[in-house]
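*Asks:* here you go, sequence then predicted model.
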Amino acid sequence: MKEFRHNPTVLGHAAALLVLAGPLIVNNLAIAGIGFADTVMAGRLGTADLAAVAVGGSVWAVAFLFGLGVLMAMSPMAAHAAGAGRSEEVGIYTRQCLWLSQGLAILVALAIAGIASLLDDIGVDPSVIPLANRYLAAIAWGLPAMYAYLTLRYMSEGVGWTRPVMYVAAISLVVNVFGNWVLMYGKLGFPAMGAVGCGAASAIAMWVTLAVMATYIARHPRYREFKLAAVFEPPRVSVLKDLLGLGLPIGISVVSEAGLFSAVALLMGALGATAVAAHQIAINYAATMFMVPLALHSALTIRVGHTLGRGDTQAARRIGFIGIGMCGVVMAVSALVLLIFRQPIASFYTVDPQVRDLAVSLLTMGMLFQIFDGLQVGAAGALRGYKDTRVPMVLNFASYWLGAFPLAWYLGVVSDRGPVAVWAGLIAGLMLTALTLNLRYALVSRRRLGTDGILDGA
């Protein structure tokens with residue numbers, strides 16, 4: 001595979017990572033585009049539909065991301081097997097992960113129903129709840145398809161073929177937007193379903209996404225060596241245990257991080273509407289720029305895992321450090337853009353002078369935020385390439401929930417220092433995460449070279 005040809009130089013390794021990451025950047029932007037389209041198209045229907053999509057989408061995200069994180073285990077599993085030349089093992093992991101995906105779909109659907117039943121208890125406007133629940137009931141029909149697709153996606157990524165993911169994401173975006181137009185607004189003879197139509201369109205897009213990816217894999221000769229559909233294979237406890245052992249910590253880490261940002265948004269709510277609006281501007285910009293290091297994170301998992309699979313621990317360690325450095329450089333460039341253009345960036349989002357001025361202050365803080373965020377996500381990706389997920393899960397949770405959130409709450413709310421202080425706490429937590437994960441990577445990768453590390457025990 002040309003994506004994994006020997007590249008002993010720093011530039012060679014960096015170029016190979018970019019080849020893998022490029023399609024994943026497009027994929028990430030397409031996914032962000034789906035969320036953007038849902039919000040804009042619901043907003044044109046009125047406050048009730050927009051609120052239902054916002055509330056329902058928040059419930060969906062928390063539960064869905066857990067399953068997504070668990071299924072991420074497929075990528076390093078496939079990368080190690082492919083790197084070692086054990087092609088049929090890729091097929092075994094894929095078939096077993098498909099079983100796992102359907103079990104997760106059932107559990108996540110039950111979790112969504114459970115969370116939805118608590119909306120009234122957590123203070124959601126009672127007028128929004130019925131429509132939000134109907135939105136959730138509609139979108140939940142897509143869970144089995146989306147989790148099956150993610151299994152195929154992470155398999156393809158793991159063996160180094162990321163372009164199909166880009167193509168499928170683009171198709172999914174088009175189908176989702178078209179489905180919204182038809183079902184939300186009542187076009188082509190369909191009734192106008194509003195927010196419920198948004199959920200239904202998303203579910204349909206998920207099934208189309210699975211169909212396209214499955215068809216591509218079935219027809220493309222590059223996948224034949226893995227014998228993905230060679231036999232019907234019932235669930236195998238030993239393989240499922242391996243997948244869960246690697247994937248559960250990732251799922252918990254993903255939910256832990258998503259939960260932190262949701263909690264910080266609630267803290268901002270206690271500080272007033274201006275604080276919420278300014279925070280949303282700063283977070284939205286940061287999230288958009290984060291798409292690049294997030295793609296590099298996935299590329300690192302793939303390339304490090306593949307290199308370890310073929311037994312080259314020296315190269316794997318080097319690739320990890322190069323990739324982490326690339327994530328830091330990308331976010332440093334983004335920080336420089338903020339330094340120069342933070343005023344016009346804030347003005348692009350709002351005309352309210354109070355919101356704009358506060359957003360400028362938060363975007364200034366965002367320069368540090370982005371650099372630490374890039375370094376931590378790069379280290380996390382490299383560690384997953386080593387199949388090291390349990391200790392990083394603990395480090396993530398401790399940094400976010402024992403460090404970032406209490407500090408943000410104390411500085412911003414208890415000490416009454418405002419939104420900038422909340423961000424100071426958030427940045428401190430990200431700095432701690434970046435430091436501990438990079439230290440963990442240095443030690444784990446050194447251990448694989450034959451040197452004992454301090455933080456062994458994953």
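*Replies:* Right, received. Where do you want to start? Numbering: from 1, shown residues only.

*Asks:* which strands and helices sit next to the longest helix belonging to the chain?
*Replies:* If you go by DSSP state H, the chain has its longest helix at helix 313-349. Helices and strands touching helix 313-349, by 3 or more CB pairs under 8 Å, 6 or more residues apart in numbering; DSSP states H and E, are helix 10-43, helix 273-289, helix 291-309, helix 353-385, helix 419-448. The C-beta positions use only the backbone N, C-alpha and C, and glycine is treated the same way.

*Asks:* what angle do that helix and helix 291-309 make?
*Replies:* Here helix 313-349 points in a direction 170 degrees away from that of helix 291-309 (axes from the mean of the first three to the mean of the last three CA atoms, to 10 degrees).

*Asks:* got the buried residues for helix 313-349?
*Replies:* 313, 315-324, 326-328, 330-331, 334-335, 338, 342, 345-346, 349 (16 or more other CB atoms under 10 Å).

*Asks:* number of nearby residues for Ser391?
*Replies:* Careful, residue 391 is Val and not Ser. Counted with other CB atoms under 10 Å, residues neighbouring Val391 total 19.

*Asks:* thinking again about what came up before, and the helices and strands packed on helix 313-349 as a markdown table, adding mean neighbour count, distance to Glu233 and mean pLDDT?
*Replies:* Putting these into a markdown table (neighbours: other CB atoms under 10 Å; distance: least, CB to CB, whole Å; pLDDT from 0 to 100) gives the following:
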| stretch | mean neighbour count | distance to Glu233 | mean pLDDT |
| --- | --- | --- | --- |
| helix 10-43 | 18 | 28 | 90 |
| helix 273-289 | 20 | 39 | 85 |
| helix 291-309 | 27 | 22 | 94 |
| helix 353-385 | 24 | 25 | 94 |
| helix 419-448 | 22 | 31 | 95 |
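
*Asks:* mind putting those into TSV with distance to Gln96?
*Replies:* Below are the helices and strands packed on helix 313-349 laid out as TSV (distance: least, CB to CB, whole Å):
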stretch	distance to Gln96
helix 10-43	24
helix 273-289	33
helix 291-309	18
helix 353-385	19
helix 419-448	26
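
*Asks:* quick one: which of the ones you listed is nearest Leu173?
*Replies:* Closest to Leu173 of those, according to CB to CB: helix 10-43, at 4.5 Å.

*Asks:* quick one: contacts of stretch 229-242?
*Replies:* Applying CB atoms under 8 Å, 6 or more residues apart in numbering, the set of residues contacting stretch 229-242 from outside is Met77, Gly91, Ile92, Tyr93, Arg95, Gln96, Trp99, Leu100, Ala218.

*Asks:* any idea which helix or strand comes after the host helix or strand of the last one?
*Replies:* Put plainly, it is Ala218. Element membership of Ala218 [criterion: DSSP states H and E] is helix 195-219. The helix or strand immediately downstream of helix 195-219 is helix 237-269, counting by DSSP H and E.
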